[in-house]
Every structure is written in structure tokens, then in C-alpha cells.
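# Below is the sequence, then the predicted model.
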Amino acid sequence: MTTVASFSIDYVQHLSPEGQLVGDKAPPIATDFEQLKKLYELMVLTRVFDAKAIALQRTGKLGTYASSLGHEAVHVGMGAAMKYEDVFAPMYREYGTQFYRGVKMSEVLLYWGGDERGSNFSGPKHDFPWCVPIATQNLHAAGAAMTFKLRGQERAAVTVIGDGGSSKGDFLEAINAAGAFKLPLVLVIVNNQWAISVPRKKQSGGQTLAQKGIAAGLPSIQVDGNDLIAVHAVMDEALKRARSGGGATVVEAITYRLSDHTTADDASRYRPQEEVENARRFEPISRLRKYLMSNNQWSAQQENQLLKDCAAKVDAAVEEYLSTPKPAVTDMFDYMFAELPHDLAEQRQYALEMENNG
Amino acid sequence: MTTVASFSIDYVQHLSPEGQLVGDKAPPIATDFEQLKKLYELMVLTRVFDAKAIALQRTGKLGTYASSLGHEAVHVGMGAAMKYEDVFAPMYREYGTQFYRGVKMSEVLLYWGGDERGSNFSGPKHDFPWCVPIATQNLHAAGAAMTFKLRGQERAAVTVIGDGGSSKGDFLEAINAAGAFKLPLVLVIVNNQWAISVPRKKQSGGQTLAQKGIAAGLPSIQVDGNDLIAVHAVMDEALKRARSGGGATVVEAITYRLSDHTTADDASRYRPQEEVENARRFEPISRLRKYLMSNNQWSAQQENQLLKDCAAKVDAAVEEYLSTPKPAVTDMFDYMFAELPHDLAEQRQYALEMENNG
Amino acid sequence: MAKITLVEAVTMALAHELEHDPDVVILGEDVGINGGVFRATAGLAQRFGEDRVIDTPLAETMIAGMTVGMATQGMKPVAEAQFMGFIYPMVDHVISHAGRFRNRTRGRMHCPLVIRAPYGGGIHAPEHHSESTEAMFAHMPGVRVVIPSSPSRAYGLLLAAIRNPDPVIFLEPKRIYRLHKEEVEDDGEELPLDMCFVLREGKDVTLVTWGAMTKETLEATDKLAEQGISAEVIDVATISPLDMDTIYESVAKTGRCVIVQEAPKNCGVGAEIAANLADSQGLYSLQAPVKRVAGYDTVMPLFRLEKKYMPSVDRIIKAVNETLEVS
Amino acid sequence: MAKITLVEAVTMALAHELEHDPDVVILGEDVGINGGVFRATAGLAQRFGEDRVIDTPLAETMIAGMTVGMATQGMKPVAEAQFMGFIYPMVDHVISHAGRFRNRTRGRMHCPLVIRAPYGGGIHAPEHHSESTEAMFAHMPGVRVVIPSSPSRAYGLLLAAIRNPDPVIFLEPKRIYRLHKEEVEDDGEELPLDMCFVLREGKDVTLVTWGAMTKETLEATDKLAEQGISAEVIDVATISPLDMDTIYESVAKTGRCVIVQEAPKNCGVGAEIAANLADSQGLYSLQAPVKRVAGYDTVMPLFRLEKKYMPSVDRIIKAVNETLEVS
Ligand SMILES: Cc1ncc(C[n+]2csc(CCOP(=O)(O)OP(=O)(O)O)c2C)c(N)n1
Ligand SMILES: Cc1ncc(C[n+]2csc(CCOP(=O)(O)OP(=O)(O)O)c2C)c(N)n1
Ligand SMILES: [Mg+2]
Ligand SMILES: [Mg+2]
């Protein structure tokens, strides 16, 4: 018996839950306080937005909404490491990444408000919209990465999957494709411990989810997903490797879903409140704030001002959302094909008539 | 950065290509010459059968046929390690395993001769028939293993996949299920280097295919698939672990497809003849024969007799196949449902009329 | 005897079979402790244990493939697709295996499985949560497709589906999961899997529908009655195999037929019904064109427009009037 | 100008687009050096390089998903499903994404992709190699379904499919891949994607068909002609969207219609055609029931019985005679 291959999974953390730098090699961003403050502010804005969106849903002004509470570091960290020309293929709750990339809050609301126009957003035109069928987006990202490779462009695709979704064939095939084609792709498993009611341990017998990348021969790494600095550093390295022809990376970001799965869910049915309370101690925003404050980069006053600013921005976005004119019944038909086929043209006419007489 | 998990892939070989025992710990079967001779005979029978089947296809007496040439050790070795009450979920070329388990040669011919009755075979009634949609059988095997687990039976399922098929979501999801549910399952990747015309290296960026099992936290191992003793030993261990509640194993058996993909394929279009010639030097049957002969367990005379016996058995099987009465047109309808629905009953009646008047 | 909703009837049927048949197991995403996102399996894991009501990893192909594997080994698995929009990764195992094992092995193996999925739109859900692609499954040989439209039919048809020795796709119209309550006795009585249900008798026109569209169809029937038009309403229920006889009989009486389906029109189940009416057994009864009131051949819109997409009472009445104009 | 077969016309169209449009790439299993198991991509990898004609890992979901991803980023990928029986793992990406990106993003993204697959039975192939499930795709909003039945139509329709800015499922009737040769000029002229082709003009009955069944239908037409019966033959070709106008026009003339499809009857494309004929624009033309000659609602048998399964010339003639008996 000879050993023919060996592998290991490393775990990266730079900021302890107490907001202290740990380990020896802090990445450049750890001391780039201007950037860190910008990202901190975006994390807070994301959280304020999130609370508002849930409130809108509760009052019937929004449909089902998937909260990002607790994921702010991994979402914003991904966004900050990406370039505009990279492509992002999200699941459905990565608002932090999308805001960084230029998607407007009102557009997120439009989408969850049941309006396709939300997906015709202000972010990069090449970014993928929200994706509901779990893990399918990972293959779209692989296709995007393939495009960059074939065209010789120095661009990378970033795609996200949950701990639950990492069980699905689409994700596993995307990893395999990334290895086989050496794609400029970063696959981020956002392990928030729950897939609706199914806990992480029921999804996989592996000690880590990162090791799924080993299957395809990819560099694979675990990162503290509540540590913005670590997420940024790991993503930055993976993206640079991808853009420069070094192939794909699998990143498992460990975090926790502090909210219900969506507003349609009631997590108290299946998970103990103590677990949530415990997880809250590791949450990303206060951690980064402590770090900034202990470095005299942030004050209680700034925090107050920020919260006010965020509230105002969110209110403006809600206002914009609520005042968006209704979509036309013909919108249903007009974006199905580049050119409307005759049968659809007839149905469109009929729908218009029903609308006017009905 | 801390290392949180480490893995390695081992490679097992007991019999060198020259037919010499190598390494220090030979398994019991290495000296069980009665059993070895029986398995040797079955390997030879399989090969004689294979040549005949190809000849039948060439003369229009059989449809497309998938050869097992070169795979005899891994196929027969799997079969020999299994128990009758275990379940086998094959792809389409594992005749050696199936013969060991009681499937008749005439039944294999019926199947490739375009007759469903071939799949109502004399092997274990719980064994799966040939499976064409690649990798789907792996999930069926997982379901069978789940059944054994739920029923508390000491049985295991064995399922096979090719190097090509190991890229497919069904296989990858089966591995994940095996780990998540701790199933009594052995997943055997028969890596014969080619998936029709696509070489192994285009399927995966991993150094081994065995490491796909690491993704799911499974014990994963490579074995020389042309070494009957090694295959048997590895399968025996994996099966014992599975039956006793220890969960699943991924085995990558390294072999080579010495034939065209099927009789519908012409491998000379895409692979160099030298590669095939070279691979022939590692083929399983002569290797085992050398081992038996060097241990004075086999003679040229026995070999001659065996070849004669095999030819006679194969001829008898062909005779049985060719003399099987034609299927009835009504067979198309009669096995669709336990009870024939009225619409199908009408169609059946119509088909009968067309048959009688047409 | 308590009055229960359609979704409660589903739960009751599942519990009944779990109780009476040790081979029955439920598997799917969130079907365990959580009781399913629509509560269809509420309390079952607690009552029957996590070995009978199994939360799976998030992988629909895996669920379908394992379900097939379990069924061939003698279990009676009842799998859940969380929404019909997520059933597509199961399609391969349904068409390539579930519907074929009995035939392929000449009866040696068979697939007594059920795949349940909530289906249809109208509940203000996100994208992909409003699919009605029953026609896709109806086109598959060897597979039954069943859709209940009331609590009692949900109970009786689901019992029959689970007990049936062949694969059944069981689609639950989630828009009417909680619309009405009905007294349903937990008596283990199944309903036949090859028969339409006549919900209303009438003589002027036959309305053929299934699933949640029974709601609008019955409402339209009431309105038509006010106008003195008597509509017969047929709930197809067993989409495949299709019981055309009941429909032929009704159309022979009324001479007119309007089919109401939520799915896109093109190649839907309504097409099969209308096509049969255009053939020998139907054509001579027809006194007017067969109308289909269907979803448009567009993607089901997000919910701001979904009402505009779905067949409405008005659209049904308009179609009925069109058939009645012909004399 | 050389005479070429249908499969050679496919190759010619692919080569033409690879030559003229740098965004076109081919991907699939064995499409590269091997040139495809039916030789449809023969020589293309050698001529255009392995970056344009890409052998993929064996994973159909991956092929479909990456194809969608590439298309949304401006490529024009032409993917191959090796056989239609292996297209089912692609279904999710086709229905959930390819047909939706334009609508979902209100035009921001779209999916100019083609998925090619050899389809149909009759070539003595193993199980799953004889599928005809075009109806499944015809039911999907936002997706075109195209089936050529001659070398020139294969060339012109495939060019149009590749150039079309929306997704097209392009099904190639492999039984007639090499049946006839035809002179086809490599002139880059496409054919319309929304029009039936009238293959024979006639006045007594309209035969509607597509794909390989054009062969039996035309043979039946010849035999009927011997009996003095003049049949009009329509090759639907663009299954979805369906050009009913050509069919209405023909049936207005003949008063009779027989639809010939290889797929199982239940919920097939023939049902949609017959259903339209049962509605206002068709019904008043009908002088006889609309007949469907179709595959049985069984699994396509292994090849010893496959001929018994498929619509034959005799079955077509029988159906025509039945419609003609009605006066
Ligand atoms: C293919 C598919 N199956 C099921 C669902 C329903 N569903 C939506 S989210 C979800 C759980 C996802 O969990 P995870 O991947 O861990 O991501 P998280 O929501 O925790 O971020 C499920 C089952 C879906 N959207 N798509
Ligand atoms: C889902 C699916 N896709 C494609 C095919 C066509 N096909 C049959 S065998 C084969 C190659 C299989 O290669 P591998 O898995 O290495 O097994 P091997 O034949 O080499 O034993 C392909 C592509 C199929 N049968 N099923
Ligand atoms: Mg999760
Ligand atoms: Mg192989």
C-alpha cells in the first residue's frame, strides 16, 4: 500500500470574536482603515436594510424575503475582493455583495416585491440575478468563467452556495468542471449551519465542506465567515489566482444564519434559541466595530451618525420602491423572446382585452 | 492559519504485472488457490464470451454490445467479494460480476439482442439490471443501501461507475448521500482511462478519482484493477465495513479498456494503438495465470482444457439465445403497470389487430 | 369527525399509511421535525420517528434516485419535492427509471413510489414556486399523475397513490391547501386512480378542470347559473391515465366543452383532452369549438402580475359564452 | 455542389457558423476529435481547434448549466446531448433558466444557445437511445423546438437556430440521418423558425408530421396516391412556436387531418395540433375526426419489438381510410 496523494484543509481567521487580530500574518486590508470603514458602513447599511425589508414583509408591503442577518462579513468581503468586470452569480441573500457592486436597495425590494424589474438592476450588467433553484447558479458561473477563459480575458466568476446547496449535483459538477477546465472561478460555500430546518451535519459526512474541492483537485480552504478581514484576504488570493490563469478555488465560509430562513419560515420550530443566542456572540458587525474602535478608527458618535444615515438611505429606497409604477400586463409577453412569436402576440392581445374589459 | 483536516489516498497492489506477489501483507485469498482458480476460470470464460458476443454483433446476430475486455479482474473480483444477499447495481459491462452472481450468458445476449427478458435474469432477483443513463444506478444503489439500513439488515450494495461517469452529479450526490446517511454502500469507480473518446484527464483535475470520496468524508482508496487479489481484498474489507455499520467506501480501480467502447465505436479514431499495446502488458488474465503457474497451480494443459470448456459453454449459451422464441407484441403493454389501464388496454387491442392484419 | 383542510388531509393520509404499512417511509427536504414548508408532514417525524420521516440532504436528483432504489427493494417511499419548480432534477429518474423498471425487467422489479409536490401559483411566492408542469409527467409512460382538489379527494387519492404498486406523481394544489374544510373520516378508504369526479351536474356546457382551478371553475359555474346557464363541472383528478369516458359522456349531453388549466396552453393536459374530443368518440357530440382557458405561454410572472396570468372567472365565463354563441 | 445527408448538413451548418461567428462554440461529450458518436461534428475540432469544439466531462446538467452561463455572457454555445435519452438532466436548466433569463431580467440578459440532440427510434439501439420527448420541451415557455426532416432543412434551420437570440432545442431525427442525399449549397441562408413546410400538396386529407416520421408519411402518401387518394403532407419542423396557420389552411381545403408522431400519444405535440383543430379556427373545417397515429403510451421497447411500436405506413393508411369513410 502506497500513499499516492495527500491533502489538507486549512482554516483562516484574522480577527477574533473579540475584535483582536490573531495569528501572525495579517493581510494588507487589516491596516487599510479607510477601506475597512467603508466596508463596515456597508455591513451596517445591509443590516439596517434587512430589518426594514422584514418589517415591510410583515406589513404586507413585500413578499417573502430572505434575510442576510449574520452574513454581512462574508457578503461584503466577497464584494470588496471582486472587480467590476468579474461576474457574480449569487443565490438569494447576498445583498452585501450586490450593494458593493452597485445594485440598489430599491431594486432588491422590487425583486422581493414580485417585480422582474428588480433584476434589471444597476449593478454590473453581466452579473447574474438572484437564483432560486439551488446550485444552478454555480454552473452558470462556470459557464461565465469558461467564457472568460476562451476569450482570454483576465476576469473571474464568483459564485455562492449554501451548506445545504453544497449537497446538490449542480454544485458538485461545477466544482468538477472548474478543475477539469481550470476555470477562473471561485466557489464560495456560505456555511450558515442550516438549510431551512436541516442542520449542516445532515448534509454531509465530511468534517468540512471545503474538502468537496479536493474531489476536483482544487485548492480548498475554510475561512471564518464572520471575519471580514479573513474573508477578504482569502477571496483576494483566490481571485488573483483565478484571473491569472491559476484556476479555481473552493472557499468554505463559516457563519451562522441568525434569522429565520425567510419571512415564510419559523425557525423556532426546529432549532433551539440558545444556539442562536450563542451564535450571536460571533456575529460579524460588532466584531469589526470593536476592532475599529480599539484602533481608534471608530467612535460611538460615528456609529450614531452612521445608523441615522443608514436609516435615511433605507427610507429613501423604500420610498422609491413603493412609488414604482405598476408593471404593465404586456410585460409578461414582451420579454419572452427577442421577437414575439405570432401565438404569443395573439395571447398578448387577448390579455390586453381582458385587462381593459375585465 | 490552522490545518483542520488531512486526508490521503492509498494505492493497493498485491500482484505485479509479472504475476509476483508484492508488498508485505498478502490477503488470505492470495493463498486460497482453489478459489483463485475458480475466479481465474470465470475471468477466462468472461473473455471467451466477450469475443463471441462481438462476433455475433459483427454478423448481425446481436445489437450494439459493450465489451468487458481488460476489466475481468475488477469485475470478477467485485463479484467474488460480494454475498448473494448484497445488491449489485452495475453499469453495462460488468458481466464478470454478474456471471459470478448467477446471471446466465444467454441472458446477457438476450439483453443486447434487444429483448427485455434478458433483464429478468437468473441472478439475484434483487440485483439491478443493466443501466444505460450513466450514474443513475449509483443512486439506486444508495436507495437499496438505505433500505438495508432502515430494515437493519446486514447487507451491502455495490455499484459501479466509469471514469467518465464519475463526473456526473448522480454519482457525486450518491457519494454525499453515502456519507450523510452512513450507508452500507461500496462505490467502485472502474477507471479504464476512457469515456468513449474522452480521456481520463479531461474528466477531472484531481490526481486520483478516489479522492472524490474525501468530499463526503468516506474512506477512499485506489486499487490496481488488473490485480484480482488486490481488488478482492479491497472489496472484501469495504463490504465487511459496510455490512457491519461502518458506512460506505469509494474504490477507484485502475484498469484499461482494451476494446472499442462498444461495437458501435471505432477507438482508432481517437486513441493511439501504441497506448493500447502498452496497456495490454498489464492486463489481468495473464497476470493471474502467471501467478498460478509459478505456484504450480495451473498448467498449459489445464489452460487448453479450460479454453475448450469455455468455448463449449459459450456455444451452448449462444444456442440458447438464438433459439429463444420471439417476444409477443403484447409484451410491450403487459409489463407497464401492475394493472393495465383502460387506455393502454385499447392500444394493446389495436396493436394486436395491426399485428394480425398487418 | 373534525373538519380538515386539503393539506391536513394529506397529512392524515400519510399518517395512516405510516401507521399501517411498515414499508412506507417519507423522505425529502425539511419533511422531518419542521414538518414541511407547508406543514404537510407536520408531527409525523415526532410521531413515527426520524427513520420513517427522513430529512435528506438538499439534492433532488438524489431524492428521486434513492426513492427509485428503495422502491425496487420493496419499500414504499413517499418523496417530497418541496415545490414543483424543484422537481426537474427528478425528471430523469422518473422517466428513465420509475416508469420503466417493471417493463424493463419483465415484472421482476417494480417501483411503488410516490413523489408529492405542492404545485401551482397564486400564493404570492417567489420565482419557481408557482409551476404547473403536470403535462410533462403525463407524457411519461408508466407513470401516473394524480391531482386532488378537495380534502376528501386528497385523502382518498393519496392513500391509493401510496398503495399503488406503480409510480405516482401526486401534485397538491397549494393555493387551495387551506381554502375549505371538509369532514374527512380517517377510515383508510382509497379513491380510484382512473376516474374523473363530476363536481356539478349540468346540461349546457361541460367544464373540465383539475387542481386549484376547480375554485375559479366552480365560481364561474355559480355565476353562469345566475344567467340561467347550467354547467357540468368535471374534476379530472387522475391526469394520467386519463378517464376520457366521463368527459365523452358529459359532452355527449352538453355538446360543449371548455377546459380550464393553470399551466401554459401549449402542449398542456388540456390539449390531450381537446384532441380526444376532436377524434371519433368526441367530435360528433360537439356543437361548438372546444375552448381552452389556460395560462399564457409565458413564464409565470412574479407575483405582481401573477393574477393577470392565471385563468380567471371572467376568462372562463367569456369562453363559455363563446361556445354558447354557436348554435 | 455535392449531395449530402442530413447529418452532413448538420456538420456543414455547424462549420459555417464556427467559421463566421467567433462567439459560436460547440460543446458536449465526444464532440471533439471523435467527431460525435454520429459524426455530426466530424472534423470540426481538427479544423477549428479544441477551444471551439470542446469535449466536456460526462455530465449533462453541467453541459446545460455552463451553456446557459456562456450564453448569458455573449457566447453562442451549441451543446450536444449525445442522445435525447440523456437530455433529462438538462431539463432543469432549460425550463428554469434558458427560457427565462430574458424575461426574468427584463431583457438585460438573454440566452442565445442551441441544444442539439439526435432523437427518435428505429436504429436498433440500446435502451434510452430512442426517445422522442419533444412535447416536454414544447411545453416550456421561452424555448423554441425545431426538428428538421431533410438535409436542406437541417442546414437552414440549424443556421437559424444558432443565430436566433433565444434558446432553441434542435432535435435531429437520427433514423434518417443518412437516408437521403440532397444538394445543399453552403450559402449561409437560413430558414424561418416559425413556419411549417408543405412537402406534398393534396386535396383529400392533410397529413401532419415531423422528423423521421416524414419518411413513413410520404411512403403512405405514395400508396394512397395509387388508390387515388390525394394527401397533403405538412412537415411541422418548428414544433414550438407552432405554425397552425399552414395547418388550418390545409385542413380548410381537405377537411380531414391525420397527425403522425413517433412519440407516445398522451400529451404529445399531436395533441396540441388536434386541440387547435377542435377550436374555432379548425372545427368548422373538419369533415371527419382528427386521427393521431402515434407511438403507444408504453416505454419504447428494446429493438426486437421497436418496429411494432413505431407508427407504420399501414397504421397511417388505416387512419386515413378511417377519416375518409366519414362523409
Ligand atoms: C433545487 C431547490 N430545491 C429546494 C429549494 C427550496 N429551498 C430554498 S432555500 C433552501 C435551503 C437552502 O439552504 P442553504 O443551501 O444552506 O442556503 P441558506 O438558505 O442557508 O443560505 C431550500 C431547500 C430550492 N430553492 N431549490
Ligand atoms: C447520462 C448519459 N450520458 C451519455 C451517455 C452515452 N454514453 C454511454 S457510455 C459513455 C461513456 C462512459 O464512460 P465511462 O463512464 O468512463 O465508462 P466506460 O464505458 O469507460 O466503462 C457515454 C458518454 C449515457 N449512456 N448516459
Ligand atoms: Mg445554509
Ligand atoms: Mg471509462
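Received the coordinates, thanks. Ligands and ions are numbered 1, 2, ... in the order given.
# Spell out, range by range, the strands that occur in the chain.
In the absence of a named chain, this looks at chain A. Remark: strands assigned in chain A by DSSP state E are A:2-12, A:87-89, A:157-162, A:185-191, A:194-195, A:198-199, A:220-224, A:249-254.
# my bad, chain C
C:3-4, C:24-28, C:53-55, C:76-80, C:114-119, C:144-146, C:168-173, C:182-183, C:197-200, C:205-209, C:231-235, C:238-240, C:257-264, C:291-295.
# Among the ones you listed, which comes closest to D:Glu325?
strand C:257-264 (24.7 Å; CB to CB). C-beta coordinates here come from the backbone N, C-alpha and C atoms, glycine included.
# in its sheet, what does the closest one sit against?
strand C:205-209 (parallel), strand C:291-295 (parallel) (DSSP bridges).
# quick one: which of the ones you listed is nearest A:Lys290?
strand C:291-295 (53.9 Å).
# any idea of the mean pLDDT for the closest one?
In this model, strand C:291-295 has a mean pLDDT of 98.
# Need the strands of chain C in JSON lines (columns: mean neighbour count and distance to B:Trp130).
Listed next are these as JSON lines, based on neighbours: other CB atoms under 10 Å in any protein chain shown; distance: least, CB to CB, whole Å:
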{"stretch": "strand C:3-4", "mean neighbour count": "16", "distance to B:Trp130": "46"}
{"stretch": "strand C:24-28", "mean neighbour count": "24", "distance to B:Trp130": "26"}
{"stretch": "strand C:53-55", "mean neighbour count": "24", "distance to B:Trp130": "29"}
{"stretch": "strand C:76-80", "mean neighbour count": "26", "distance to B:Trp130": "23"}
{"stretch": "strand C:114-119", "mean neighbour count": "27", "distance to B:Trp130": "24"}
{"stretch": "strand C:144-146", "mean neighbour count": "27", "distance to B:Trp130": "26"}
{"stretch": "strand C:168-173", "mean neighbour count": "27", "distance to B:Trp130": "26"}
{"stretch": "strand C:182-183", "mean neighbour count": "13", "distance to B:Trp130": "48"}
{"stretch": "strand C:197-200", "mean neighbour count": "18", "distance to B:Trp130": "42"}
{"stretch": "strand C:205-209", "mean neighbour count": "29", "distance to B:Trp130": "42"}
{"stretch": "strand C:231-235", "mean neighbour count": "25", "distance to B:Trp130": "41"}
{"stretch": "strand C:238-240", "mean neighbour count": "26", "distance to B:Trp130": "27"}
{"stretch": "strand C:257-264", "mean neighbour count": "28", "distance to B:Trp130": "36"}
{"stretch": "strand C:291-295", "mean neighbour count": "25", "distance to B:Trp130": "40"}
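# can you put those strands in CSV and add distance to A:His71?
CSV is the format used below for these (distance: least, CB to CB, whole Å):
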stretch, distance to A:His71
strand C:3-4, 39
strand C:24-28, 26
strand C:53-55, 23
strand C:76-80, 27
strand C:114-119, 28
strand C:144-146, 40
strand C:168-173, 32
strand C:182-183, 43
strand C:197-200, 48
strand C:205-209, 44
strand C:231-235, 45
strand C:238-240, 42
strand C:257-264, 36
strand C:291-295, 36
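# Tell me which of those sits nearest to A:Thr64.
Per CB to CB, nearest to A:Thr64 of those: strand C:114-119, 14.3 Å.
# Quick check: which helices or strands does the closest one pack against?
Strand C:114-119 sits against strand C:76-80, helix C:151-163, strand C:168-173, with contacts defined as 3 or more CB pairs under 8 Å, 6 or more residues apart in numbering or on different chains; DSSP states H and E.
# would JSON lines of the ones you listed with mean pLDDT and distance to A:Asp170 be doable?
Below are the helices and strands packed on strand C:114-119 laid out as JSON lines (pLDDT from 0 to 100; distance: least, CB to CB, whole Å):
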{"stretch": "strand C:76-80", "mean pLDDT": "98", "distance to A:Asp170": "19"}
{"stretch": "helix C:151-163", "mean pLDDT": "98", "distance to A:Asp170": "29"}
{"stretch": "strand C:168-173", "mean pLDDT": "98", "distance to A:Asp170": "22"}
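# Can I get these in JSON lines including distance to chain D?
Converted to JSON lines, the helices and strands packed on strand C:114-119 look like this (distance: least, CB to the nearest CB, whole Å):
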{"stretch": "strand C:76-80", "distance to chain D": "17"}
{"stretch": "helix C:151-163", "distance to chain D": "19"}
{"stretch": "strand C:168-173", "distance to chain D": "13"}
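# would you list those in a markdown table and tack on distance to B:Met82?
Formatted as a markdown table, those follow (distance: least, CB to CB, whole Å):
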| stretch | distance to B:Met82 |
| --- | --- |
| strand C:76-80 | 24 |
| helix C:151-163 | 32 |
| strand C:168-173 | 33 |
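# So C:Ser240 versus C:Met136, what's the distance?
Distance check for C:Ser240 against C:Met136: by CB to CB, to the nearest Å, it reads 11 Å.
# Any regions of the chain where pLDDT drops low?
In the absence of a named chain, chain A is used. A:358 (pLDDT under 70).
# Could you export the strands of chain A as TSV, including distance to chain B and mean neighbour count?
Shown next, in TSV, are the strands of chain A (distance: least, CB to the nearest CB, whole Å; neighbours: other CB atoms under 10 Å in any protein chain shown):
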stretch	distance to chain B	mean neighbour count
strand A:2-12	4	16
strand A:87-89	18	27
strand A:157-162	13	30
strand A:185-191	12	29
strand A:194-195	12	24
strand A:198-199	10	20
strand A:220-224	6	27
strand A:249-254	10	28
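# Quick one: closest of those strands to B:Ile189.
strand A:2-12 (14.2 Å).
# Point out the other helices and strands that that closest one packs with.
With contacts taken as 3+ CB pairs under 8 Å, 6+ apart, strand A:2-12 sits against strand A:220-224, helix A:228-243, strand B:2-12.
# Not counting residues beside it along the chain, what's closest to A:Arg58?
Counting by CB to CB, 6 or more residues apart in numbering or on different chains, A:Arg58 lies nearest to A:Thr263, which is 7.3 Å off, once chain neighbours are set aside.
# how near is that neighbour to A:Gly113?
In this structure, A:Thr263 and A:Gly113 are 12 Å apart, going by CB to CB.
# Can you pick out the residue with more neighbours from these two?
Neighbours per residue (other CB atoms under 10 Å in any protein chain shown) separate A:Thr263 from A:Gly113, with A:Gly113 holding more: 23 against 19.
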